[in-house]
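>>> attaching a predicted model along with its sequence, questions to come.
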Amino acid sequence: MTFALPIVSPPIFHHVKYLERREVVLALKRGAWVTPRREVVEIRDAVKGSLLFTFRNDRSSPCLYNSYGGLVFFFPKRMRDGAIEINAHDSTRRADLRVSTTDNNRNLTAIVTLPGRAEARVSLAGGMFGPNGDGNALMLAGDVPVVAVSTSCEKNVSPVVIVDKDTYFVAIAPGFDISLAVAACLIFEELGRC
């Protein structure tokens, strides 16, 4: 990651379990949406190597599960007014994340609706992996970087994490919900591919 991410204050989270006081770096694989049914895409902590989430296409909508197999988000995809829209619905309906394409897929905005809060906007400028494949930063309203995406990791990567050409790393700022960041990255990647 090219810069340190600040602490997000007030925190943006939908479940306290996925909130950390330190920057978390995750390892994800490109192409999660096009994996065959029943195949599992693992999302691990890049430094510790621990399994945090899995992504599967085994239902009518792709789903993100926690490491214990509990459903975190499901992702219905639909066409609305000529634009592709992908939502991330929380299994307990505490949070929703909505992203739709515009004429220019390079600038996408996710609208996060949290219980008892106003909407928060997370935007991606320039595409998920950038023109050179280096990645960009997801931004919170007010231009505060909350998630940085990169194809390389400056920290020591755990030997449990398999790194290949499809691996990318996501650094999440302290105070930003890890599951929301993963959901946003998965949606932004898929909409960039469409």
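Cool, got the structure.
>>> helices along this protein, start to end?
Secondary structure of the chain (DSSP state H): helices located at 178-193.
>>> gap between the two ends of stretch 51-70?
From its first residue to its last, stretch 51-70 covers 13 Å (Cα to Cα, to the nearest Å).
>>> now the terminal residues of stretch 158-167, how far apart.
Terminal residues of stretch 158-167 lie 13 Å apart, using Cα to Cα.
>>> so which residues make contact with it?
27-31, 44-49, 151, 157 (Cβ atoms under 8 Å, 6 or more residues apart in numbering). Using the backbone N, CA and C atoms, a C-beta is placed for each residue, glycine as well.
>>> hmm, try it at 10 Å
Defining contact as Cβ atoms under 10 Å, 6 or more residues apart in numbering, one finds that stretch 158-167 is touched by 25-32, 42, 44-51, 133, 151-153, 157, 169.
>>> and those residues, which are buried?
For the contacts of stretch 158-167, a burial check counting by 16 or more other Cβ atoms under 10 Å picks out 25-30, 32, 42, 44-47, 151, 153, 157, 169.
>>> where in the protein is pLDDT low?
1-20, 92-95, 100-107, 114-120, 125-127, 129-143, 194 (pLDDT under 70).
>>> all strands of this structure, in order?
In order along the chain, the chain carries the following strands (DSSP state E): 24-29, 40-45, 51-56, 63-66, 71-74, 77-80, 83-90, 96-100, 107-113, 120-125, 137-140, 144-150, 167-172.
>>> most tightly packed of the ones you listed?
Scoring these by mean neighbour count under mean count of other Cβ atoms under 10 Å gives strand 167-172 as the most buried, with a mean of 23.
>>> right, I'll leave it there.
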